[in-house]
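1. Following is a predicted model, sequence given first.
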Amino acid sequence: MKKSKMGVLNAGIPLLLTAGLLAGCGGNNNNGNNAQSASPSASSSASASATAKASDAPAKQDVTITMTAASGDTWIRDIDKEIIQDFTAETGIKIDLQIVPADQYASVLKTKLASGESADISLIWPEANAAQFLPDNNFLDLSGEPWVSTLTDAAKKNGSYNGKFIGWGPAGEDGGWGVLYNKELFDKLSIGVPKTFDEFLAACEKIQASGVIPIFEPLKDSWHSGIWMSLMGPQANAQQAGLYEGLNSNKATFASSKVFETFVDQYKTLYDKGYFGKEAFSNTYDKGMAALQSGKYAMFMVPANQDVQAKASNPDFDFTKFAEFPSPFADNKKLAVYDGTIIRVINKNSKKIDAAKAYLSYISREDVLKKVLCRSRAQSVLQGDPGDHDRSGENAPRQL
Amino acid sequence: MEVGISFWDSTSIGNYIQENLAGKKTAKQVLEAIDKDRQKLFDAQSK
């Protein structure tokens, strides 16, 4: 049975400020050549692989492959589009991007996979969250591809399902998710970090009374509500021994879980009290950081490594003024890691598997990956890279 | 320790949760809807 995260990581979450992360990027993040030449500490295996691939570049092909993704700036970013253009220029292979509204993406992809009409490459969530797309039936096993050996263990783990490597994403691994909050506002209102749901409610009440909307909740992106619920996993499993095992073997149900039911009720309580504000149903996730920085809102549920993930799109955000705490629903005190780092997988039934593989090979090449990482500020997935930080297990979260 | 739950679809689960916000489903009905969706995937996987 597939195991994944939503793991049990105790205590508070820090913002993982990673000043050294961009070592090797230099001052010009737009230039892949600069990035390549400024990365002397990359692993020899990765360098050799990149060199070999560059010198053995095949003749250009007149082929178009399709790639599908959800809408939203975390799926296909500007840098991803730029890399696609580079790839086409080098190989001749064109990529036809098929973007599906985020709130329909999972169901559309499942339908297309079932009918054999899926794109050559699909972007999907990793690990346990990949299961809904039946990877064994639908996605190519890439374990034997030579470039896989250059990836970090975290990236390999993120891209694996049922012991097979099926895809990868440049962020490499998942972070925990928690509630990012305005420390200055909490101090000003004498609010401590909430450790129970009642304390969370009291904090929201004080914040609302001060004229600030307590929580930026992007209800237009319904997946965000789903992630809130996923963060209850460790607490639910702790309260109901064997729940995960039962759910994964189809012997238990969500309806049997008091913790998940409590979450849904408490989430509605926040909404009913107006703590999400009047614009919640038109709010989208990509507007959250700006809304938080404006001071209009006090809290926003985001990944624990948001300082890395959101730095490129929010370069002026002052992360020193913010911190995170675990989701407090059902008096939870644990950080759950959501399997949300997007990976690219190849349709097992694609007629253009070689071209699709060429794209995944291209974006795994050291110089290309450096360009992506320098622009996106994501952690490296290349072994030996200066940005190859251990973000797994208890080394990732630290007490506030 | 790492454990997890297969067949998690945050978008559809979020939609059910928002039906609860709108008063269209109780919390229990939200969870039952999730179970129903998962059962379809278990069935598809076993084919």
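-> Sure, I can see it.
2. Please list the residues of the stretch 151-300 of chain A that sit near chain B.
-> For the stretch 151-300 of chain A, the residues in contact with chain B (CB under 8 Å from any CB of the partner chain) are A:219, A:221-230, A:233, A:237, A:244-245, A:247-248, A:250, A:253-255, A:257, A:260-262, A:264-265, A:267-268, A:271. Yep, even glycine has a C-beta here, placed from its N, CA and C like the rest.
3. Separate out the buried members of those residues.
-> A:219, A:221-230, A:233, A:237, A:244, A:247-248, A:250, A:253-255, A:257, A:260-262, A:264-265, A:267-268, A:271 (16 or more other CB atoms under 10 Å in any protein chain shown).
4. immediately after the strand or helix carrying residue A:268, which helix or strand?
-> Assigned by DSSP states H and E, residue A:268 falls within helix A:258-272. Once the chain leaves helix A:258-272, the next helix or strand it forms, by DSSP H and E, is helix A:288-293.
5. So which bits of that following helix are buried?
-> By 16+ other CB under 10 Å, the buried positions in helix A:288-293 come out as A:288, A:289, A:291, A:292, A:293.
6. Mind checking the pLDDT average for that helix?
-> Mean per-residue pLDDT for helix A:288-293: 94.
7. so what does the helix or strand following it touch, helix or strand wise?
-> Heading C-terminal from helix A:288-293, the first helix or strand you meet, by DSSP H and E, is strand A:297-303. Identification of packing neighbours for strand A:297-303 by 3 or more CB pairs under 8 Å, 6 or more residues apart in numbering or on different chains; DSSP states H and E yields strand A:176-182, strand A:213-215, helix A:223-230, helix A:288-293.
8. and if we set it to 10 Å?
-> strand A:176-182, helix A:183-188, helix A:197-209, strand A:213-215, helix A:223-230, helix A:288-293, helix A:306-309, strand A:322-325 (3 or more CB pairs under 10 Å, 6 or more residues apart in numbering or on different chains; DSSP states H and E).
9. got those as CSV, with distance to residue A:331 columns?
-> Below are those laid out as CSV (distance: least, CB to CB, whole Å):
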stretch, distance to residue A:331
strand A:176-182, 14
helix A:183-188, 19
helix A:197-209, 6
strand A:213-215, 18
helix A:223-230, 15
helix A:288-293, 25
helix A:306-309, 24
strand A:322-325, 13
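10. hey, least reliable of the ones you listed by pLDDT?
-> Lowest mean pLDDT of those: helix A:306-309, a mean of 67.
11. Let me know how buried the residue lying closest to residue A:265 once chain neighbours are set aside is, in neighbour terms.
-> Using CB to CB, 6 or more residues apart in numbering or on different chains and skipping the chain neighbours, the partner closest in space to residue A:265 is residue B:27 (4.9 Å). Burial measure for residue B:27: 20 neighbouring residues, criterion other CB atoms under 10 Å in any protein chain shown.
12. measure residue B:27 to residue A:276 for me?
-> 17 Å (CB to CB, to the nearest Å).
13. ditto for residue A:302
-> Counting by CB to CB, the gap from residue A:302 to residue A:276 is 15 Å.
14. And residue A:95, by the same measure?
-> Per CB to CB, residue A:95 is found 38 Å from residue A:276.
15. do the same with residue A:97
-> In this view, residue A:97 and residue A:276 are 33 Å apart by CB to CB.
16. More neighbours: those two, which one.
-> Applying other CB under 10 Å to residue A:97 and residue A:276 shows that residue A:276 carries more neighbours, namely 23 against 14.
17. Surely that one and residue A:270 touch.
-> Yes: Residue A:276 is within contact range of residue A:270, at 6.4 Å (criterion: CB atoms under 10 Å).
18. ok, now which ones touch residue A:238?
-> Listed by CB atoms under 10 Å, 6 or more residues apart in numbering or on different chains, the contact partners of residue A:238 are A:8, A:259, A:332, A:333, A:334.
19. Which element, helix or strand, includes it?
-> Secondary structure from DSSP H and E places residue A:238 in helix A:233-239.
20. for residue A:84, same thing?
-> Residue-wise, residue A:84 maps onto helix A:78-91 under DSSP H and E.
21. Quick check: which ranges of chain B have low pLDDT?
-> Scanning chain B for pLDDT under 70 picks out B:1-3.
22. remind me, longest helix of it?
-> helix B:27-46 (DSSP state H).
23. For residue A:219, see how far away the residue nearest to the spatial centre of chain A is.
-> In chain A, the centroid-proximal residue (CA atoms, centre = their mean) is residue A:341; its distance is 3.2 Å. Distance, residue A:341 to residue A:219, by CB to CB: 23 Å.
24. how's chain A carved up into domains?
-> Listed domain ranges for chain A are A:9-174+A:340-395, A:176-337 (source: automatic domain parsing).
25. Export those as TSV, with columns for distance to residue B:21.
-> Formatted as TSV, those follow (distance: least, CB to CB, whole Å):
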stretch	distance to residue B:21
domain A:9-174+A:340-395	15
domain A:176-337	5
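26. Would you mind saying which of those domains lies nearest residue B:38?
-> When the domains of chain A are compared by CB to CB, domain A:176-337 sits nearest residue B:38, at 7.8 Å.
27. which residues touch the residue nearest to residue A:265?
-> Going by CB under 10 Å, 6+ apart, residue B:27 touches A:255, A:260-268, B:16-17, B:20.
28. before we move on, the earlier item: mind checking the helices and strands packed on strand A:297-303 for the one nearest to residue A:140?
-> helix A:223-230 (25.8 Å).
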